[in-house]
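**Student:** okay, predicted coordinates and the sequence, questions at the end:
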Amino acid sequence: RDWSSDVCSSDLLQFITVSPIDGSIFVADYANNRVRVINSTTRVINTVSIVSGAYRVAVSPITGDLAVTGTNQVYTVSGRWGYVDTPAKVFAGSDAGGGTGDSGPASAAYLNNARDIFYAANGDLYIADNSAQRIKLIFGHGKSKYPNWSVTGIPKFSKFVLKPGTLASASYMLDIQCSPLNRKLCYFTEYNSGSSIAMVWQLNFDVEDTPAVATKTAFWGVYGQRTTVCQQGYPGNPSTIKLHSPQSLAIHPITGDIYLADCAGLYVWNATTKNASYVGGGSASWNGEQPMTSQFYAPISMAFNNDGSRLYMGISGERVGMIDFTTRKFKQVPGTGFTSTAAWPFVSPLTGMVYLAVFNYGIYQYNPATSTLTTLSTAVVWPRDMEQDPVTGDLYVTDSNQQKLYKLSNGTWAVTSVASLSANCQGLTWNA
């Protein structure tokens with residue numbers, strides 16, 4: 001039955017939501033300035049509360065209380081009296097509208113054309129503040145009948161507008177990795193021998209600022225003081241250790257430890273102790289399994305497998321190596337005798353397969369279960385970085401020589417040119 005035909009202004013109904021507690025259906029009746037409820041058992045419709053410009057309704061999964069957006073305000077309606085003729089109270093925003101009040105009480109905060117609204121499972125309330133181009137978070141609302149509400153702005157993620165821009169600037173940036181444990185933290189290497197710059201920087205996106213801006217903080221190295229002596233200062237605080245030629249980064253998916261290829265060796269920052277130490281390096285013998293402390297030289301690219309038990313490394317001018325953290329041994333990935341070149345490993349988050357972009361050779365697939373290497377394509381001549389479509393499994397790879405972005409279709413591995421690039425476009429990542 002269409003209840004809206006005889007009880008609501010059907011041309012100006014906005015949105016409905018279903019209570020996770022009792023299945024009641026709530027309707028934002030914009031034209032009549034009210035919220036209505038349809039009892040899921042009796043199919044009877046009633047007015048819950050008068051709300052000017054009612055646009056969206058959300059139901060707390062904990063208390064059953066309602067949150068309703070008006071133009072510049074959010075109202076709360078208690079669920080304790082059965083949702084019939086219950087007064088709505090303003091708890092955030094003002095008729096005047098605005099954007100101030102972050103990090104203070106919700107009652108003192110301003111909103112600017114609030115639209116969508118959503119309760120998290122823990123009772124926190126998210127508001128899409130349209131004209132302010134922000135998502136607002138109100139902590140604690142919906143957790144109790146007498147909550148202590150507070151509001152904060154969450155920048156850079158907007159339901160309505162995403163503004164691109166420069167996140168941070170530096171010279172000779174070589175690698176960037178974001179923490180799998182905290183996606184608000186990313187790290188990148190900067191190496192400029194002419195200016196004696198050898199650094200690892202941290203980007204922190206958990207700041208209240210304009211969109212597309214992140215806080216850049218020195219994380220590893222001393223700015224303007226590049227060392228000429230390897231392994232000096234280890235173990236120790238990374239902010240006091242001078243680096244030589246930082247290349248690639250890899251972040252352990254379980255512990256959050258950060259591995260850095262620098263000065264012909266491998267170093268690690270321990271997320272628990274906050275200290276950095278030397279892992280290993282030296283000339284690789286490639287004679288079967290060797291101690292992980294001294295048998296690899298100058299890794300230029302790295303990637304962990306999905307459980308963090310193996311670290312794959314492209315070794316400068318030689319082949320692809322692998323550290324097995326279970327046995328604490330280092331060995332060559334079978335079949336990867338690529339001489340006088342460089343390789344960039346990529347581990348599929350879908351299958352665990354290891355894909356290798358080998359400079360001047362092509363694209364290869366290594367199966368860790370069978371220790372076999374398969375050629376996927378030699379059409380991509382100078383491949384660099386690689387990513388995988390999380391839905392289709394297609395691979396995307398940059399070619400710095402042909403200045404193209406290529407797609408390798410999952411299964412057939414047929415190569416298709418997707419886009420033209422500039423000569424310096426090499427790295428890419430996939431939006432989760």
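**Tutor:** Sure thing, it's come through.
**Student:** which parts of the stretch 301-432 of the chain are strands?
**Tutor:** With DSSP state E, counting those that start in this stretch as the criterion, the stretch 301-432 of the chain has strands at 310-315, 320-324, 329-332, 343-347, 354-358, 362-367, 372-377, 383-388, 395-399, 404-408, 415-420.
**Student:** let me see the contact set for Tyr55.
**Tutor:** Gln14, Phe15, Ala28, Tyr30, Val68, Thr69, Gly70, Thr71, Ala114, Arg115 (C-beta atoms under 8 Å, 6 or more residues apart in numbering). Backbone N, C-alpha and C define where each C-beta goes, glycine included.
**Student:** name the SS class of Ser239, please.
**Tutor:** Three-state call for Ser239 (DSSP: H, G, I helix; E, B strand; the rest coil): helix.
**Student:** tell me which of the strands of the stretch 301-432 of the chain lies nearest to Ala120.
**Tutor:** strand 383-388 (29.4 Å; C-beta to C-beta).
**Student:** out of the strands of the stretch 301-432 of the chain, flag the one nearest Ile45.
**Tutor:** Here strand 383-388 is closest among those (C-beta to C-beta), at 49.0 Å.
**Student:** can I get the strands of the stretch 301-432 of the chain in JSON lines with mean neighbour count, distance to Asp257 and mean pLDDT?
**Tutor:** Listed next are these as JSON lines, based on neighbours: other C-beta atoms under 10 Å; distance: least, C-beta to C-beta, whole Å; pLDDT from 0 to 100:
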{"stretch": "strand 310-315", "mean neighbour count": "25", "distance to Asp257": "11", "mean pLDDT": "89"}
{"stretch": "strand 320-324", "mean neighbour count": "23", "distance to Asp257": "13", "mean pLDDT": "87"}
{"stretch": "strand 329-332", "mean neighbour count": "20", "distance to Asp257": "17", "mean pLDDT": "84"}
{"stretch": "strand 343-347", "mean neighbour count": "24", "distance to Asp257": "17", "mean pLDDT": "90"}
{"stretch": "strand 354-358", "mean neighbour count": "24", "distance to Asp257": "20", "mean pLDDT": "92"}
{"stretch": "strand 362-367", "mean neighbour count": "20", "distance to Asp257": "24", "mean pLDDT": "93"}
{"stretch": "strand 372-377", "mean neighbour count": "15", "distance to Asp257": "28", "mean pLDDT": "92"}
{"stretch": "strand 383-388", "mean neighbour count": "22", "distance to Asp257": "23", "mean pLDDT": "86"}
{"stretch": "strand 395-399", "mean neighbour count": "23", "distance to Asp257": "28", "mean pLDDT": "90"}
{"stretch": "strand 404-408", "mean neighbour count": "20", "distance to Asp257": "31", "mean pLDDT": "92"}
{"stretch": "strand 415-420", "mean neighbour count": "13", "distance to Asp257": "35", "mean pLDDT": "90"}
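**Student:** dump those to TSV, plus distance to Ala261.
**Tutor:** Shown next, in TSV, are the strands of the stretch 301-432 of the chain (distance: least, C-beta to C-beta, whole Å):
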stretch	distance to Ala261
strand 310-315	8
strand 320-324	12
strand 329-332	14
strand 343-347	12
strand 354-358	17
strand 362-367	20
strand 372-377	23
strand 383-388	16
strand 395-399	20
strand 404-408	26
strand 415-420	29
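**Student:** among those strands, which is nearest Gly123?
**Tutor:** That would be strand 383-388 among the strands of the stretch 301-432 of the chain, by C-beta to C-beta, at 36.1 Å.
**Student:** the closest one pairs with which strands, and in what direction?
**Tutor:** The pairing partners recorded for strand 383-388 under DSSP bridges are strand 395-399 (antiparallel).
**Student:** how about the contacts made by Ser348?
**Tutor:** Val354, Tyr355, Gln388, Gly393.
**Student:** ranking the contacts of Tyr55 by neighbours, who comes first?
**Tutor:** Thr69 (30 neighbours; other C-beta atoms under 10 Å).
**Student:** do a quick rundown of the strands in the stretch 151-300 of the chain.
**Tutor:** Under DSSP E, counting those that start in this stretch, the stretch 151-300 of the chain gives strands at 173-178, 185-192, 197-204, 215-220, 249-251, 258-262, 265-269, 276-281, 290-291, 299-304.
**Student:** return the most buried member of those.
**Tutor:** strand 258-262 (a mean of 26; mean count of other C-beta atoms under 10 Å).
**Student:** going by contacts, tell me the helices and strands next to it.
**Tutor:** strand 197-204, strand 249-251, strand 265-269, strand 299-304 (3 or more C-beta pairs under 8 Å, 6 or more residues apart in numbering; DSSP states H and E).
**Student:** pLDDT weak spots in the stretch 101-250 of the chain?
**Tutor:** 101-104, 107, 139-171, 183, 205-213 (pLDDT under 70).
**Student:** so for Arg36, which of the strands of the stretch 301-432 of the chain sits nearest?
**Tutor:** Nearest of the strands of the stretch 301-432 of the chain (C-beta to C-beta): strand 383-388, 46.6 Å.
**Student:** and that closest one, C-alpha only, in PDB?
**Tutor:** Extracted in PDB, the C-alpha atoms of strand 383-388 (Å, rounded to 0.1, in the frame of the first residue of the first chain):
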ATOM      1  CA  PRO A 383      57.400  -1.200 -16.500                       C
ATOM      2  CA  ARG A 384      57.600   0.500 -13.200                       C
ATOM      3  CA  ASP A 385      54.800   0.600 -10.700                       C
ATOM      4  CA  MET A 386      51.800  -1.700 -10.700                       C
ATOM      5  CA  GLU A 387      48.400  -1.900  -9.100                       C
ATOM      6  CA  GLN A 388      45.400  -4.300  -9.200                       C
END
